[in-house]
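Colleague: I would like to see how this sequence folds:
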Amino acid sequence: MQATLRSTISFKGIGLHSGRPVRMAIHPASANHGIWFRRVDVAEHAALIPARYDVVPESQLCTRLVNEAGVEVSTVEHVMAALAGCGIHNALVDLDGPETPIMDGSAAPFVRAILACGVQRQDAPIYALEVMKTVSITHDGAEATLSPDTGLQMDFSIEFADAAIGRQRRIANLANGRFVRELCDSRTFCRQADVEMMQDNGLALGGTYDNAVVVDGDDVLSPGGFRHADEAVRHKMLDALGDLALAGAPILGRYTGVRAGHMLTNKLLRKLFATPGAVRLVMCTADQAASLPGVGVKVADLANVA
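Modeller: Predicted coordinates for the structure are as follows:
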């Protein structure tokens, strides 16, 4: 069965790039509604923005959505990952500005609030996107691939010159709460030099050591260091789940990312849907539904999450 929230949950924070206060509320929605964002600070006729891969423009630092009226919302990947990872299919996300709140740089605050609120099952079948053919895309030494599998599997590799990160690889079957237990508290990360460059260009104005892990060569500058030895690759997997959720339905397939980022994952989805016979929409069997991220997630899964 599909799922939504039992009640509305609210958040206050700052936008990562603007550094301005942001208020966000996630409301329950009816079956087959899907995920939509709504800008409450603009005219009603232009306020709704679909959480869909084909309204994502070129962007590297985060995932942005832009509707036909040109109204946008950015940095949606952590919210989308939390919704997908908690098995929420239907929700309306209200924002009073063009960014979601960055919170601590991970999806954990959203996950914690969703699970505390509770999940409402809905009398409607779950539809999923079953990958039928392997599709792949490469750019500048990075690669992203979707291939057939029985559930959402993920294999991600990264390599950075900074020794604090270096080479990392993680493989995970995202069924049955694994996202909540292992990935949701992993924070966005960046190099100190990149922070300075972005802020010189008017970006990441809300970035602090409290909402990102900042590294400089061998050193981790953020107090407390990493939450996990491989927190960087875990966060890349978190981002990938959020970006894949923009497909509009859960994916049954294996995602492999090698140094992949937001834009490459979006281009991969576009290629998937443009390739004849590469994907089909299926009504999930009981076994397929049981393999989806978020199915069976419980508050206890947060026990060791930051």
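
Colleague: so for whichever strand or helix holds Ala144, what gets flagged as buried?
Modeller: Using DSSP states H and E, Ala144 sits within strand 142-147. For strand 142-147, a neighbour-count test (16 or more other C-beta atoms under 10 Å) marks Glu143, Ala144, Thr145, Leu146, Ser147 as buried. For the C-beta atoms, the positions are set from N, CA and C on the backbone; glycine is no exception.

Colleague: which helix or strand lies directly C-terminal to that strand?
Modeller: Going C-terminal from strand 142-147, and assigning secondary structure by DSSP H and E, you next hit strand 152-159.

Colleague: quick one: list the elements packing against that next one.
Modeller: strand 167-173, helix 231-244, strand 251-258 (3 or more C-beta pairs under 8 Å, 6 or more residues apart in numbering; DSSP states H and E).

Colleague: switch the cut-off to 10 Å
Modeller: strand 142-147, strand 167-173, helix 231-244, strand 251-258 (3 or more C-beta pairs under 10 Å, 6 or more residues apart in numbering; DSSP states H and E).

Colleague: so for Glu130, which of the ones you listed sits nearest?
Modeller: Of all the helices and strands packed on strand 152-159, the one in closest proximity to Glu130, counting by C-beta to C-beta, is strand 251-258 (4.5 Å).

Colleague: quickly run through the sheet partners of the closest one, with directions.
Modeller: Sheet pairing of strand 251-258 (DSSP bridges) gives strand 127-131 (parallel), strand 142-147 (antiparallel), strand 152-159 (parallel).

Colleague: save these as CSV, and put in distance to Val297 and mean pLDDT too.
Modeller: CSV is the format used below for the strands paired with strand 251-258 (distance: least, C-beta to C-beta, whole Å; pLDDT from 0 to 100):
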stretch, distance to Val297, mean pLDDT
strand 127-131, 17, 97
strand 142-147, 24, 98
strand 152-159, 14, 97
